[in-house]
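S.K.: Everything below, folded, please.
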Amino acid sequence: MTTILRMPGAPGELTLPALLLRNAEDHGELPALSWRDGGRPGRHTLSWAEARRRVAELAAGYRSLGVRRGEIVLLMMGNRPEHWLSDLALVHLGAVPVTVYGTAAPGQIAGIARHSRARFAVLEGPRERERWEPLLDDPAARLEKLVIVDADGIEAAGDGVAGAGRHATYADLAGRGAERYAPAAFEDGWRQVAAGDTLTVVYTSGTTGEPKGVVISHRNVLLGAVALDQVVELPDHTAHLCYLPFAHIAERLLGLYLPVFRAGHVHLCADPATVAEAARELRPAEFFGVPRVWEKLTASVRAALARLPAERRAAVEAAGEQARAYLACQERGERPSAALAEAYAAAKAEVLGPVLAMAGFDRLVWTASAAAPMPPDVVRFWAGLGIVIMDAWGLTETAGVCTTNGPRAFRLGSVGRPIDGLEVRTAADGEIEVRGRTVCEGYLRADGSVEPATDAEGWFATGDLGRFDEDGFLWLTGRKKEMIVTSTGKNVSPALVENTLKEHPLIGQALVHGDGRSYLVALLVLDPEAASAWAARRGIGGTVRELAGHPEVRAEVERAVEAANSRLNRTEQVKKFSLLGEEWGPETGELTPSLKLRRQAILVKYGQILDVLYTM
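M.R.: Numbers count the residues shown, from 1 in each chain. Now for the predicted structure:
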């Protein structure tokens, strides 16, 4: 819990600008933001005092552009300082920064631009400009000007920051802001921001339909931060590795709002594909990953362990048993015996510590996941290295976390207990409902008004299904809209079956199908790293796509499916499957930007293969 920080107001009346001022006054010399700058060596850092001055100057620049209080400004940039600083600058003006996923297709961008009625968009470079520029002539959109960060060729066009031009450069905007920055006007301006004002609008990633614009206030976020801080135990001014998109509520919380609340240190990782490398360099104290990220990290560490000499692998396995036994005592609320505690300490120092150091995880004190159910084998794997992944649960509509595990109370496989100030219950059909002041203001309508997200009593129906155990821990059982109903009327949670299938290292991704059918079939995707390592140990060569068609690989996957079926009831068992050698991702359309399955898109793309599985 944060105990070193002065709270500049009552919890329900805090605003992000007030907290940024507190950081500059009380912790101004401490690092706030670090990043790599292209080909230049080392990491560049701004202190909290420097970051606030940059924010203030940018606010003046955006004001000179014509940004008005209350209006939405769209952002499409990676995790770079211009994004982080612009977001805070716009908040200080009372404007509403809204990040759009960098993987969004032109049609999705157009939908958000029209719906939000934004006049300005701040874009990373030519690739983004190409997708946005047609909207300047779109009569259904109000877009007036594009601000380009990597702006080769824009300056030559002669467009200024303000005025009639349809383009501006970020460098010109920042420069004009530095010239026009007036301290008194800046301080007076942000003090007009109230806790109930809109902090951001987050457009959901659209797993089951069109994205909705979720309206989130300062109060929603900061009351959640206060409650979360009562559970999470972190070092003072802890560092955060920021690599997920800012369009996702998780990274907005972890990489922007919570660091301001905690006066932490954000390390920006511009390319999510390099997060493992960044972790090895930074050795963070806390790390958050959605389940797919943890799956990829697990495959990477398993492949590294498989390359160790047999004697060392055996030592890791033995140390893993000590770690699991020790953590099992903690999970049950028991004090480990002196002998177990001593054996675990030795295993951690001599065996597990060096293994974790290979991944940059040897300093971790807090690890977490959310967004989708965690595969149990992934949780068990990291427990064997002495790491408890504190699974949490929440939605965009709840401004992030609703329930979480904590070091003083956790159940592996559950998503923890409700945070303070939030009521959570299950309806008769198992749907989870929540009520409290962290629940969003509602959904943005195209006319700028807000449609309530809750019923008359304040309850929000989440669409997730779950159950509480006798100790008050919540266990997710599926998504209401994703439940498979077979032709015999049986209900099946696809996530349960898919996670069971993925317990075998070769199976990196899975989708189970069977709605209205008499049995289930599955699309299985080989994990590239695990499959290549598995094949190499057996003298099998070829690309991952070629391995998917190799008879020995196919036979191993068949055994994996049989093993999974042995742990599932008859209705949940997979009768047939197709093995694919091309990994699914946001760019190819099978995953959302937050790495969740786009089920309908996969069913359409692989419809013929699924049909064949029912006719074989």
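
S.K.: Quick one: mean pLDDT for stretch 417-437?
M.R.: The pLDDT scores in stretch 417-437 average 95.

S.K.: scratch that, stretch 141-156
M.R.: 84.

S.K.: what does stretch 277-294 give?
M.R.: 91.

S.K.: What residues of it count as buried?
M.R.: 278-279, 282-294 (16 or more other C-beta atoms under 10 Å). For glycine as for every other residue, the C-beta is placed from the backbone atoms N, C-alpha and C.

S.K.: what ranges do the helices span in the stretch 401-550 of the chain?
M.R.: Counting by DSSP state H, counting those that start in this stretch, the stretch 401-550 of the chain has these helices, from start to end: 494-501, 528-537, 544-548.

S.K.: Mind giving me the packing neighbours of the longest one?
M.R.: What that stands for is helix 528-537. helix 291-306, strand 507-513, helix 544-548, helix 551-566 (3 or more C-beta pairs under 8 Å, 6 or more residues apart in numbering; DSSP states H and E).

S.K.: buried residues in stretch 64-80?
M.R.: Neighbour-count burial for stretch 64-80 [16+ other C-beta under 10 Å]: 64-65, 67, 71-80.

S.K.: biggest separation within those, which pair?
M.R.: Farthest apart among the buried residues of stretch 64-80 by C-beta to C-beta are S64 and N79. That separation is 26.1 Å.

S.K.: Throw the helices of the stretch 401-550 of the chain into JSON lines and include mean pLDDT, mean neighbour count and distance to I112, thanks.
M.R.: Converted to JSON lines, the helices of the stretch 401-550 of the chain look like this (pLDDT from 0 to 100; neighbours: other C-beta atoms under 10 Å; distance: least, C-beta to C-beta, whole Å):
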{"stretch": "helix 494-501", "mean pLDDT": "92", "mean neighbour count": "23", "distance to I112": "28"}
{"stretch": "helix 528-537", "mean pLDDT": "92", "mean neighbour count": "19", "distance to I112": "32"}
{"stretch": "helix 544-548", "mean pLDDT": "94", "mean neighbour count": "17", "distance to I112": "35"}
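
S.K.: between these, which gets nearest to R313?
M.R.: Proximity to R313, assessed across the helices of the stretch 401-550 of the chain by C-beta to C-beta, is greatest for helix 528-537 (12.3 Å).

S.K.: chain center to the closest one, what's the gap?
M.R.: How far helix 528-537 lies from its chain's middle: 28 Å, per C-alpha atoms, centre = their mean, to the nearest Å.

S.K.: Residues contacting it, please?
M.R.: Here helix 528-537 makes contact (C-beta atoms under 8 Å, 6 or more residues apart in numbering) with 296, 299-300, 302-303, 306-307, 505-506, 508, 541-542, 544, 547, 550, 553, 556, 583.

S.K.: would you list the helices of the stretch 401-550 of the chain in JSON lines and tack on distance to R176?
M.R.: JSON lines is the format used below for these (distance: least, C-beta to C-beta, whole Å):
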{"stretch": "helix 494-501", "distance to R176": "50"}
{"stretch": "helix 528-537", "distance to R176": "47"}
{"stretch": "helix 544-548", "distance to R176": "50"}
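
S.K.: Quick check: which of those helices is nearest to A383?
M.R.: helix 494-501 (15.9 Å).

S.K.: can I get the CA coordinates of the closest one in CSV?
M.R.: Output of helix 494-501 as CSV, limited to C-alpha atoms (Å, rounded to 0.1, in the frame of the first residue of the first chain):
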residue,chain,number,x,y,z
PRO,A,494,-15.3,-22.7,-24.7
ALA,A,495,-12.6,-21.0,-22.6
LEU,A,496,-12.5,-23.9,-20.1
VAL,A,497,-12.0,-26.4,-22.9
GLU,A,498,-9.5,-24.2,-24.8
ASN,A,499,-7.3,-23.7,-21.7
THR,A,500,-7.3,-27.4,-21.0
LEU,A,501,-6.1,-28.1,-24.5
